[in-house]
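S.K.: Here is a sequence with its predicted model. Questions after.
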Amino acid sequence: MQGLNSKVIIITGASSGIGKATAQLMAAQGNKVVLGARREDRLRDLAAEIVQAGGEAVFLKTDVASYASMQELARFAMNRYGRIDVLVNNAGIMPLSMLNELKVDEWDQMIDVNIKGGLYGIAAVLPVMRQQQFGHIVHVSSVAGYQVSPTSSVYSATKMAVRAIAEGLRQEESPASRIRSTLISPGLTETELADGITTPEIKAMVGQMNQVAISPDSIARAIAFAVNEPEDTGVNEIIIRPTVQP
Ligand code: NDP
């Protein structure tokens, strides 16, 4: 399918939720999507669905918490298409807990996936984008990157870090190399994100809150808006949440 766009777009966390919706939309708009996540079967099904609909998609099993794996994903995209126009650093986890539960392993995992995963993504594509003198990195943060509530300390910290990195990248790269940096901060969105919460009461509480969640398609449209703006226009930041979310 050749639409108005034919960008090469790497999307991490494409096996479900926001990443999957973004892949479906960007492919439907005529872009070539390169799907990364750990659940290969999900990626295979999604790529097949996109191709079946006349789009272009390839996939590679990827663990964003591994720099080598992210580098492999970038190389895979380059070997296939010879350029990388956009990276959507979307993969993330949210095992919320109170600090006094001392779920240190989950703190480590959030830091590894949400912060280091995004940094590894930047490291994997930045040399290519600098060489090309164009590129766009979209970072998925959260409204939790602007506010802390009980149980969200570590998750919010990781999402605040994502904001800092997105803004630093913009300041460093956009004026010099024209590489764009966009921060997308969703509110409650209907995905599998809360499945990773291991404290039953917290999981139930988030389940209640999620009754007002919006579709991941809404977030995908925000990402597509930023990507589809002309090269001279940098969409720096979008906060998008359910109308009724405080
Ligand atoms: P999902 O749980 O549906 O999707 C998360 C995705 O991240 C999955 O595709 C998962 O794939 C992937 N992922 C997790 N760990 C890794 C890893 N180590 N390596 C590669 N991929 C990984 O949730 P969402 O779609 O909601 O989450 C997407 C982003 O949106 C996250 O960054 C999240 O923090 C953010 N967000 C979500 C909100 C919401 O309400 N849903 C609100 C605000 C922000 P796999 O398990 O196959 O590896």
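M.R.: Yep, it's here. Residues are numbered from 1 along each chain as shown.
S.K.: what does the protein put close to the ligand?
M.R.: Neighbours of the ligand within the chain, by C-beta under 6 Å from any ligand atom: 12-13, 15-19, 37-39, 42, 62-65, 90-94, 113, 140, 142, 186, 188-189, 191-193, 216. Every residue, glycine included, has its C-beta placed from N, CA and C.
S.K.: In this model residue 213 seems to touch residue 242, though I could be wrong.
M.R.: Yes. Under the contact definition of C-beta atoms under 8 Å, residue 242 touches residue 213, with a separation of 6.4 Å.
S.K.: Could you pull out the residues contacting both of these two?
M.R.: Taking C-beta atoms under 8 Å, 6 or more residues apart in numbering as the contact rule, the neighbours common to residue 242 and residue 213 are residue 188.
S.K.: Report the buried members of the residues of the chain next to the ligand.
M.R.: Buried subset of the residues of the chain next to the ligand (neighbour count, 16 or more other C-beta atoms under 10 Å): 12-13, 15-19, 37, 42, 62-65, 90-94, 113, 140, 142, 186, 188-189, 191, 193, 216.
S.K.: OK, contacts around the closest residue to residue 44 other than its chain neighbours?
M.R.: Spatial nearest neighbour of residue 44, chain neighbours left out: residue 59 (6.4 Å); criterion: C-beta to C-beta, 6 or more residues apart in numbering. Each residue near residue 59 by C-beta under 8 Å, 6+ apart is listed here: 14, 34, 35, 36, 40, 43, 44, 46, 47.
S.K.: what helix or strand is residue 34 on?
M.R.: Residue 34 is located in strand 32-37, with elements delineated by DSSP states H and E.
S.K.: Neighbouring strands of that strand in the sheet, and parallel or not?
M.R.: strand 8-12 (parallel), strand 56-61 (parallel) (DSSP bridges).
S.K.: returning to that earlier point: kindly give a single ChimeraX line that selects the buried subset of the contacts of residue 59.
M.R.: Here is the ChimeraX command that picks out the buried ones among the contacts of residue 59, judged by 16+ other C-beta under 10 Å:
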select :14,34,35,36,43,46,47
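S.K.: now the helices for this protein?
M.R.: Shown for the chain, the helices assigned by DSSP state H span residues 17-28, 40-52, 67-81, 104-110, 117-132, 153-177, 200-209, 216-228.
S.K.: Specify the angle between the longest one and helix 117-132 in degrees.
M.R.: Yep, that's helix 153-177 we're talking about. Counting by axes from the mean of the first three to the mean of the last three C-alpha atoms, to 10 degrees, helix 153-177 points 10 degrees away from the direction of helix 117-132.
S.K.: what packs against helix 153-177?
M.R.: helix 104-110, helix 117-132, strand 136-140, strand 180-186 (3 or more C-beta pairs under 8 Å, 6 or more residues apart in numbering; DSSP states H and E).
S.K.: mind giving me a markdown table with the ones you listed and columns for mean pLDDT?
M.R.: Rendered in a markdown table, the data for those read as follows (pLDDT from 0 to 100):
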| stretch | mean pLDDT |
| --- | --- |
| helix 104-110 | 98 |
| helix 117-132 | 98 |
| strand 136-140 | 98 |
| strand 180-186 | 98 |
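S.K.: Export the ones you listed to CSV and append columns for distance to residue 147.
M.R.: Conversion of the helices and strands packed on helix 153-177 to CSV gives the following (distance: least, C-beta to C-beta, whole Å):
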stretch, distance to residue 147
helix 104-110, 17
helix 117-132, 20
strand 136-140, 17
strand 180-186, 11
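S.K.: Go ahead and flag the most central residue of the protein.
M.R.: The residue at the geometric middle of the chain, judged as the C-alpha nearest the mean C-alpha position with C-alpha atoms, centre = their mean, is residue 90 (1.1 Å).
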